[in-house]
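Trainee: Next come a sequence and a model predicted from it.
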Amino acid sequence: MAPVSVYVLGLRNGLINLLIFLTVICIIIFLPQHIIQHAQYSNSYTLRLILSFLTMSFLSALYEYSRMQSYKNALELSRQYQDLAMRDPLTKLANRRNAATILEQEKSRLQRNNEPLSVLLCDLDHFKLVNDKYGHNGGDMVLTELSTLFKEQVRQQDCVARWGGEEFLIILPQTSAEQANIIAEKIRSSVEQHTVNFLSQQINVTISIGISQLSEDQSIDELINTADKCLYQAKTLGRNRVHP
């Protein structure tokens, strides 16, 4: 009964059920004969019976607890693997694969509702110089702090992803190119004014941003390519600027 009880009802409810069962059995066994007629057992036999039941209940509860912990650990491990597959390990942002999936989903959803979708392709200016001067630890700190800054500048429904290296992609659902330009300029200004403190040194960086709005006949690849061309124009025109 003990293994079945904790397995079917769960650990907590199973133990409660076993406690109730043991209480009823003890009441029946120890009730005087003049109250209810029942078989007579010796004290040693009764004690062995109760101890055996308690031992079986304890072992069943221990097994069920171990089984539940193993199941929870397996779920947590699966969640961590899934998170690693969909997130950038340094910045904790969505990675390129995750961003591409989100773009396809947003494209399907927004086209059904006839709503605009825009993206910002951001690239840190002269980031190689930052790595050369402050080392990769300094560069990593810059990427991490700017990732947090990007998330603070966008809405909850927007997605910030690390597109690769020092490039970031910001997905803006329900946003036209004109509205995206305002958001991009706000992000560019915030980065320009932000200072990263690293080993008692101050690191200042700027970014260039290309903007692209999805048209009806465009694919996701074409959307990104357009944003990349705009980013290239922003770099050519002197960096630290937004190009629609």
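Mentor: On my side now, so go ahead.
Trainee: and residue 194, backbone torsions?
Mentor: phi -90, psi 140 (degrees, to the nearest 10).
Trainee: Could you do the one 3 residues further on as well?
Mentor: Taking degrees, to the nearest 10, you get phi -90, psi 120 for the backbone angles of residue 197.
Trainee: ok, now the one 4 residues further on?
Mentor: Per-residue torsions, residue 201: phi -120, psi 150 (degrees, to the nearest 10).
Trainee: For residue 118, which three-state class applies?
Mentor: Of the three states, residue 118 takes strand under DSSP: H, G, I helix; E, B strand; the rest coil.
Trainee: To what extent is it buried, counted in neighbours?
Mentor: Residue 118 has 26 neighbours, counted by other C-beta atoms under 10 Å. Where C-beta positions appear, they are placed from N, C-alpha and C, glycine not excepted.
Trainee: For it, which residues are in contact?
Mentor: 172, 175-177, 179-180, 211-214 (C-beta atoms under 8 Å, 6 or more residues apart in numbering).
Trainee: Can you read off the pLDDT for it?
Mentor: For residue 118, the pLDDT comes out at 96.
Trainee: same deal with the one 10 residues further on?
Mentor: pLDDT recorded at residue 128 is 94.
Trainee: count of neighbours near it?
Mentor: Residue 128 has 11 nearby residues by other C-beta under 10 Å.
Trainee: which is the next helix or strand following the helix or strand containing residue 66?
Mentor: Assigned by DSSP states H and E, residue 66 belongs to helix 43-86. Following helix 43-86 in sequence order, the next helix or strand is helix 96-112 (DSSP H and E).
Trainee: pLDDT below threshold where in this structure?
Mentor: 32-39, 41 (pLDDT under 70).
Trainee: Nearest the middle, which residue of it would you pick?
Mentor: residue 83 (5.9 Å; C-alpha atoms, centre = their mean).
Trainee: residues touching residue 46, list them.
Mentor: 29-30.
Trainee: Would you mind measuring from it to residue 140?
Mentor: 69 Å (C-beta to C-beta, to the nearest Å).
Trainee: try residue 195
Mentor: Taking C-beta to C-beta, one finds residue 195 at 16 Å from residue 140.
Trainee: Of these two, which one has the most company?
Mentor: Neighbour count, other C-beta under 10 Å: between residue 195 and residue 140, residue 140 has more, with 15 against 10.
Trainee: In space, what's closest to that one - neighbours in sequence excluded?
Mentor: residue 90 (6.0 Å; C-beta to C-beta, 6 or more residues apart in numbering).
Trainee: Report how many residues lie close to that neighbour.
Mentor: 13.
Trainee: and the gap between it and residue 125?
Mentor: Residue 90 is 19 Å from residue 125, by C-beta to C-beta.
Trainee: and if you look at residue 148?
Mentor: With C-beta to C-beta as the criterion, residue 148 and residue 125 are 19 Å apart.
Trainee: now swap in residue 96 and tell me
Mentor: Counting by C-beta to C-beta - residue 96 and residue 125 are separated by 21 Å.
Trainee: Compare these two (neighbour count), which wins?
Mentor: residue 125 (19 against 14).
Trainee: sorry, back to before: correct me, but the residue nearest to residue 140 touches residue 142?
Mentor: No: Residue 90 sits out of contact with residue 142 when judged by C-beta atoms under 8 Å, with a separation of 10.8 Å.
Trainee: Break this structure into its domains for me.
Mentor: For the chain, the structural domains run 2-86, 96-243, going by automatic domain parsing.
Trainee: Could you grab the helix/strand/coil label for residue 191?
Mentor: Residue 191 - assigned by three-state DSSP - is helix.
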